[in-house]
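K.L.:
Quick one, fold the following:
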Amino acid sequence: MNLYINGRFATQPLSGVQRFAVEVTRALQAHDPRYTLLTPPGGGADWSSAREVGTRHGQGWEQLDLPRAAAGGVLFNLGNTGPLWMRRQLVVIHDAGVFSTPAAYSRKFRIWYKVLQNALILRGAAIVTVSEFSRQEILRHLPARSSQVHVMPEGADHMRRIGTAPEILAEHGLEPGRFVLGVGTLAAHKNLAVLGLLAQRLEERGIPLVMAGSMGGEAFQAADKLPQPARYIGRVSDEQLKALYEHAGCFIFPSRYEGFGLPPVEAMACGCPVVAANIPVMREIGYGAVQFCNPHSPEDVAAQVLAVLDSPARQQELRAAGRARAATLTWARAAATLDGIAKKLFEFR
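P.N.:
You can find the predicted model right below:
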């Protein structure tokens, strides 16, 4: 049986979904050498086992070139989409955000995802997602049978592999333990506006709120405003992000909607105390390892972060619990789960 991975992600900027695809691909190929990564032209340079196919890029490549190259095998699509004209395939849909939080996405993006995902399900594609919460969301919004949607975990152990670049602290005038870190984009569901009061309370103490990540993106509708005062440092390297996680007094994750929530899990893996929105998926993923806040209340967000900063004992509890929780989330386990789902569905060994 030929096993193929949709490598469109190899030509895209690295974000949460692309990180998932990179790490799952590496783990699948370590698990079974039959997994072959198929990429658009120019996408295979960083992969020893990749095969560049076709002549197109983007959606044209995925819908026209990819299914020809994967014909006769099983195709694994790790980033929410896949080719309509592929008979044996599995699609990882990370969340149902275009249905549940439509204001966060552009109209064009919403329409394309809704049409494509409905069509993939109706044509019989197997669906995998990354949390039980996301599974229930998919069943609520898309015409999938319960037996058609499966759950796999994500991982956090890539943070152990990544080096650290602590010089980023000096570059931005940050003192270890005396800044609060946030990571995200201007997507409305990331809920950055709720951090305004926290930023003010931190400023009164001489502690900066540091925001890392791109503040844009074609797929997302911009939030109305950004919290101020805060230090916006833009995209950072993996090594710089790890250093920020390791030295932050607290990581704040106020998102109102997620399919999984990789940044807080990365923070846990680095021993950073986490305050996260009290939403279903964070209770599923982080219960016992994070301090919860009400994502609709600026007062509660500020209060919970300050409570962590003011209690060294609570910080230590969260560090230990976070590390322990993150240690259970490995990409090898994620890949083995996905491989097991596929073997049952497509009857190969």
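
K.L.:
For P143, which non-adjacent residue is closest in space?
P.N.:
Residue nearest to P143 in three dimensions, not counting chain neighbours: I121, with 5.6 Å by Cβ to Cβ, 6 or more residues apart in numbering. To be clear about C-beta, it is placed using only N, CA and C from the backbone, and glycine gets the same treatment.

K.L.:
what's the neighbour count on the one you found?
P.N.:
I121: 20 surrounding residues under other Cβ atoms under 10 Å.

K.L.:
Quick check: phi and psi on it?
P.N.:
The phi and psi torsions at I121 (degrees, to the nearest 10) take the values phi -70, psi -40.

K.L.:
883 is where my numbering starts, stick with that
P.N.:
Yes, from this point I'll number from 883; that puts the last item at I1003.

K.L.:
I'd say G979 and R992 touch.
P.N.:
No. G979 lies out of contact with R992 (Cβ atoms under 8 Å); the separation is 9.4 Å.

K.L.:
and the two? which has more neighbours close in?
P.N.:
G979 (22 against 18).

K.L.:
Can you read off the pLDDT for that one?
P.N.:
Looking at G979, its pLDDT is 95.

K.L.:
which ones are touching it?
P.N.:
A986, Y987, H1071, Y1139, G1141 (Cβ atoms under 8 Å, 6 or more residues apart in numbering).

K.L.:
For K1124, state which of those is nearest.
P.N.:
Closest approach between the contacts of G979 and K1124, by Cβ to Cβ: G1141, at 23.1 Å.

K.L.:
ok, now how distant is the closest residue to that closest one other than its chain neighbours from L1144?
P.N.:
Nearest non-adjacent residue to G1141, counting by Cβ to Cβ, 6+ apart: D977, 2.9 Å away. To L1144, D977 is 12 Å away according to Cβ to Cβ, to the nearest Å.

K.L.:
Packing partners of the helix-or-strand element of the chain with minimal mean pLDDT?
P.N.:
Least confident helix or strand of the chain, by mean pLDDT, DSSP states H and E, is strand 1113-1116 with a mean of 93. With contacts taken as 3 or more Cβ pairs under 8 Å, 6 or more residues apart in numbering; DSSP states H and E, strand 1113-1116 sits against strand 1091-1094.

K.L.:
end-to-end on stretch 1157-1170?
P.N.:
Taking Cα to Cα, to the nearest Å, stretch 1157-1170 runs 11 Å from one end to the other.

K.L.:
And stretch 1124-1142, by the same measure?
P.N.:
Using Cα to Cα, the two ends of stretch 1124-1142 sit 19 Å apart.
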